[in-house]
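Using only what follows, build the 3D model:
(one chain, ligands or ions: 1)
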Amino acid sequence: MTVLLLRNSQRALGGFSRGLYAEKWAPFVKELAVIVARERNNSISCYPVVETIHRDNICHIVKAPANVKWKIRERAAEVACRAVSTLEGAGVFAVELFLTDDGQILLNEVAPRPHNSGHHTIESCYTSQFEQHLRAVVGLPLGDSSLKTPAAIMYNILGEEEGEHGFRLAHQLIRRALTIPGASVHWYDKPEMRKQRKMGHITIVGKSLGNIESGLATIVDGKRLDDNSAVTPRVGIIMGSDSDLPVMKSAAEFLEMFDVPHEVRIVSAHRTPELMFSYASSAHERGIQVIIAGAGGAAHLPGMVAALTPLPVVGVPVRASTLDGIDSLLSIVQMPRGVPVATVAVNNATNAGLLAVRILSVADDNLRSRMSQYLEDQKEMVLKKGDKLQKEGWKSYLDS
Ligand SMILES: Nc1cncn1[C@@H]1O[C@H](COP(=O)(O)O)[C@@H](O)[C@H]1O
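Next up, the predicted model:
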């Protein structure tokens, strides 16, 4: 009966050949979007998959990259590219997608133009969606569409109130945005302020989404950013007990020497397993880039943390009161394949700090050159000592 009705109404409307389409409610858990650029010769370049968050059906926040599993990102990019390749025309296309509970990607809409979900690319990508659009349309080679910053958030400035009062509120927001590192304000200079109207946008770029989100909260909630909260720790030093601190402090001292922001916490795999779970699984979202974990005895902390985080973990075997630290060393170093822990010597938290600096320096020129300087200084110090020993002889060297 239903089928018959549908068929009749389809016929009455002129049939599918006229371009009819049917819609149904999609039970999505997140909305994703992808800007896809297409050259005149049909080759395609895909921007990173972003998450779009809507308020009253208006795009409010865009997070780049989308905080979803890698497989989901791959699937979303593939659906977006396939959708655009079935269309004609050169330029950028915005593909809006739904992510369902069971990990399916559904195609929602394709807009054949630069789009609000791609505004972040002005600051966050090597080629903005606007430049890419022009390149594609006039037949120039496409630019690099990848992110040049680890993460970005775009926040639409929507009219809160009509008229003057609305302008004042928007300007207060902009004022706060100007105090946030990595934030850029785009004001569209529209003559009239209306509720829910897009009046401009703010893009914040930074080291991680978690890091940027705290900046955004400051802009939106109006809380002042104090100096302590402005510095996001890059290294997390954790240890099973405060009795490990006299050993673990060396890691903190060396990070301090290299001006690497870090935090120090007590987290025990056995005494506070829930805390260990939440610390390890959320560390990367807070902007932590390396974890140094020290423990003694049945030292399961570094290994368990490595199992819960994609970040590099450096393990420090702490010498406990018995067995001379061999127990800690073996507990940390003998990890199963697939879950690595970079284990340093027993009680050698200094090397853990230095290794963390070296890991960070891969993408940080300044740190790398400071590390080279440290090696030079170390060499000079040893050579000086060698000279002194040779000049003075070992007996007076020991006495001095
Ligand atoms: N393995 C382990 C799990 N929770 C704490 N520890 C370790 O137990 C040792 C002794 O801890 P405490 O001094 O608190 O008894 C410390 O080295 C600490 O890392």
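
OK, contacts around Leu367?
Residues counted as contacts of Leu367 (Cβ atoms under 8 Å, 6 or more residues apart in numbering) are 258, 260, 357, 360-361. For the C-beta atoms, the positions are set from N, CA and C on the backbone; glycine is no exception.

okay, the spatially most central residue of the chain: pLDDT?
With distances taken as Cα atoms, centre = their mean, Ser208 lies nearest the centre of the chain, 3.1 Å away. With respect to pLDDT, Ser208 scores 85.

quick one: contacts for the closest residue to the ligand within the stretch 101-250 of the chain?
At 2.4 Å from the ligand, Gly240 is the closest residue in the stretch 101-250 of the chain, using Cβ to the nearest ligand atom. Counting by Cβ under 8 Å, 6+ apart, Gly240 touches 266-271, 294-296, 299, 301, 318.

if we go to 6 Å?
For Gly240, the contact set (Cβ atoms under 6 Å, 6 or more residues apart in numbering) comprises 268, 295, 301.

Chain neighbours aside, what residue packs nearest to it?
Ala295 (3.7 Å; Cβ to Cβ, 6 or more residues apart in numbering).

The helix or strand hosting that neighbour packs against which elements?
In the assignment (DSSP states H and E), Ala295 maps to strand 290-296. The helices and strands touching strand 290-296, judged by 3 or more Cβ pairs under 6 Å, 6 or more residues apart in numbering; DSSP states H and E, are strand 235-239, helix 301-308, strand 313-318, helix 349-361.

Can you point out the buried residues in the longest one?
Right, the one you point to is helix 349-361. 349-357, 359-361 (16 or more other Cβ atoms under 10 Å).

So Ile202 sits against Leu178, correct?
No - counting by Cβ atoms under 6 Å, Ile202 does not reach Leu178; the two are 9.5 Å apart.

who has more neighbours, the two?
Under the criterion of other Cβ atoms under 10 Å, the comparison of Ile202 against Leu178 puts Ile202 first, with 25 against 12.

what comes into contact with stretch 289-309?
234-240, 244, 248, 251, 269, 280-281, 283, 311-316, 318, 320, 327-328, 331-332, 335, 339, 341, 352, 356, 359.

Show me where this structure has its strands.
Shown for the chain, the strands assigned by DSSP state E span residues 28-38, 44-46, 50-55, 58-64, 91-100, 105-111, 151-158, 183-187, 198-206, 235-239, 262-266, 290-296, 313-318, 342-343.

In a markdown table: the ones you listed, plus distance to Ser145.
Below are the strands of the chain laid out as a markdown table (distance: least, Cβ to Cβ, whole Å):
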| stretch | distance to Ser145 |
| --- | --- |
| strand 28-38 | 6 |
| strand 44-46 | 5 |
| strand 50-55 | 12 |
| strand 58-64 | 12 |
| strand 91-100 | 9 |
| strand 105-111 | 17 |
| strand 151-158 | 13 |
| strand 183-187 | 19 |
| strand 198-206 | 16 |
| strand 235-239 | 31 |
| strand 262-266 | 34 |
| strand 290-296 | 29 |
| strand 313-318 | 32 |
| strand 342-343 | 34 |
